[in-house]
Structure formats: C-alpha cells, structure tokens
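Undergrad: Dropping a prediction and its sequence here:
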Amino acid sequence: MRLLIGLVMAAFALFSYFRSSVYNPVTGEQQHINITAEQEIALGLQSAPQMAAQFGGLHPDQRAQALVDAVGQRLVQSSAAAQTPYPFEFSLLADEQTVNAFALPGGPIFITAALFERLQTEGQLAGVLGHEIGHVVARHSAEHIAKQQLTQGLTGALVLSTYDPDNPGSRQTAQIARVVGQLLNMKYGREDELESDRLGVRFLADAGYDPRALIGVMQILAEAGAGARQPEFFSTHPNPENRIAQIEAAIQERFPQGVPEGLRP
C-alpha cells in the first residue's frame, strides 16, 4: 500500500513540475516555473527589508548609493532587462565584513560595503550588478522553488514507499534520498551562477562596459576568499578559476575579433 501511495505522490510531483513550462525571451530557454512574475515581485518586496537588516541595513553614504543606482540603471536600460516586468532597485548595504552581493526575486539587488570597497573600477561594479541582474531576468529563484518542490515530492515518495517501521535500515534510505535531493539543488545553483556570469558579460557589453571587468571581480573575490573563510558570494558557487574560463569564453563569443577599444573599464 505504501508503495502505491509513493508512486502516486511521485507521479503528481512530476506532473506538477513538467506541466508548468514557460518561455523566457531573455535567455531563450524553456523553464519550469509555477509562480508568476507578479508573485516574484511580491516575494522580493516582502523579503527586502529583512535581508537588508541582516547586513547592517542601508549604507549612509548617499554618494556611493547614487553611484550604485546609476550603474545599475544604466545596465538595465541598455539591455534586455528593460523589457522585463521587474522594477529593479539597487542598494548598498552597510556590512563592512561580509563580501557579498545578491538578488531577490523580482528585482531588489544588494551589494555589501565590504565588496563595494574592494572594487577598483566602475566596470567591476557593473560586473557585480550585471551578474545579479542575470539572476533576476533568468528567474533563477522561481526555478529553484519549482525544483525544490519537485525534489521534495520525489524524496517524500521514496521515503514513504521504502520506510518500514520494523526495519531500522530503511531509515538510511530516507537519509540518502534527502542528501541526493540537496546535492541536486546545489548543482542547479552552480549552473545558475555560470548562466548569470554569461548574462553579466552580455549586459556589460550592451551598456558599453568592458566585459573583462567581470574577470577582475572574480580575481578580487578569489583574493578575498584566500583566508580561512570564503566570501558568501562564493557559497554554493563554482570554482572561481572555472568561472573565469567560462567568462572568457562568453567574451570570445561576443567579440570574436577581440574586445574593441573605447569601452568603459
């Protein structure tokens, strides 16, 4: 009986996931997403104050905030991000210890003072913000929600169908299923980072920035993570050397004859 219920649960999880398919005109990909853009925006707006508070709140330097705003909006208005429904907002956070930047669903984008102060050029700031814009327009958070629901449904079905209260060994199967689910979600996270790097290259070039600035960002992050503790920007992220190789490949694809002169560094 448990096996039958487990099979029904697995079939329902798979059906729910694969029936929710939408086309993303920015990435050119078909995605499995079960929330609307309006729901993404609402999630981001609800989460933004709490997330900002975790990193010390907004930075008091209005001049630095104005620079973050100007570079972020230049990237949006010069790229396909302007054709999306997301109301992008860029915020500099007061945290001077945590090297990090992140995006919430629907448009809120944050960079900590610890990362901002390490950047050496406007192009590097554009690289950080362009990467985060990539997460938003590629709808990575919405994809994660759908994938987590799928993996939870499948692992729950496996646990239910294999668990035997009279057999302690069956508990191990449940633990293995949960670990496999976590590993799958981490793998999705690394793929999202690489896609956002490629989108970052594209948005930098569209806005007139030298896309090689994003390589400089990776080098800064690698140096910041050379100690015992990696910057949070790298949590569940691919190896920085692999990211640089992927960024170089994206630049080569965009500019097969070489990066032109005159782009903003």
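TA: Received the coordinates, thanks. Numbering: from 1, shown residues only.

Undergrad: Show the contacting residues for Thr112.
TA: Thr112 sits next to 55, 92-93, 95-96, 98-101 when contact means CB atoms under 8 Å, 6 or more residues apart in numbering. C-betas here are computed from N, CA, C, even on glycine.

Undergrad: What count of nearby residues applies to the nearest residue to Pro238 once chain neighbours are set aside?
TA: Using CB to CB, 6 or more residues apart in numbering and skipping the chain neighbours, the partner closest in space to Pro238 is Arg190 (4.8 Å). Neighbour count of Arg190, defined by other CB atoms under 10 Å: 15.

Undergrad: Just the element for Arg190, please.
TA: Assigned by DSSP states H and E, Arg190 belongs to helix 170-206.

Undergrad: repeat for Val128
TA: helix 122-137.

Undergrad: What's the mean pLDDT across that helix?
TA: Per-region confidence: helix 122-137 scores 97 on mean pLDDT.

Undergrad: Separate out the buried members of the contacts of Thr112.
TA: Buried members of these, counted by 16 or more other CB atoms under 10 Å: 55, 92-93, 95, 98-101.

Undergrad: Give the other helices and strands that the helix or strand hosting Glu253 contacts.
TA: For Glu253, the host element (DSSP H and E) is helix 240-254. In terms of contacts (3 or more CB pairs under 8 Å, 6 or more residues apart in numbering; DSSP states H and E), helix 240-254 is packed against helix 170-206, helix 213-224.

Undergrad: rewinding a little: now the helix holding Val128: how far from the chain's centre is it?
TA: 11 Å (CA atoms, centre = their mean, to the nearest Å).

Undergrad: what's the answer for stretch 10-25, then?
TA: 21 Å.

Undergrad: pLDDT score assigned to the residue sitting furthest away from the middle of the chain?
TA: For the chain, the largest distance from the centre (CA atoms, centre = their mean) belongs to Asp166, which lies 43.1 Å off. At Asp166, the model reports a pLDDT of 72.

Undergrad: again, but for Ala103
TA: For Ala103, pLDDT reads 95.

Undergrad: That one bridge partners, please.
TA: Applying DSSP bridges to Ala103 yields these beta-bridge partners: Ile109.

Undergrad: what's the burial count for it?
TA: Ala103, neighbours per other CB under 10 Å, totals 24.

Undergrad: so how far is Phe110 from Ala48?
TA: 8 Å (CB to CB, to the nearest Å).

Undergrad: low pLDDT regions in the chain?
TA: By pLDDT under 70, the low-scoring segments of the chain are 2, 163, 165, 168-188, 227-237.

Undergrad: Could you tell me the end-to-end distance of stretch 252-265?
TA: With CA to CA, to the nearest Å as the measure, the ends of stretch 252-265 fall 17 Å from one another.

Undergrad: Not counting sequence-adjacent ones, nearest residue to Asp95?
TA: Phe55 (3.9 Å).

Undergrad: The one you found against Glu96, yeah?
TA: No. Using CB atoms under 8 Å, Phe55 makes no contact with Glu96, being 9.8 Å away.

Undergrad: So which residues of the stretch 1-150 of the chain form strands?
TA: For the stretch 1-150 of the chain, strands defined by DSSP state E, counting those that start in this stretch occupy the ranges 21-24, 29-32, 89-93, 101-103, 108-112.

Undergrad: picking up where we left off before, closest one of the contacts of Thr112 to Ser161?
TA: Nearest to Ser161 among these: Asn100, at 40.7 Å, using CB to CB.

Undergrad: Can you name the residues that contact the closest residue to Gln97 other than its chain neighbours?
TA: Once flanking residues are discounted, Gln97 sits nearest to Ala114: 5.7 Å by CB to CB, 6+ apart. Residues in contact with Ala114 (CB under 8 Å, 6+ apart) are 95-100.

Undergrad: What is the nearest of these to Tyr17?
TA: The closest of the contacts of Ala114, once distances to Tyr17 are taken by CB to CB, is Asn100, at 30.5 Å.
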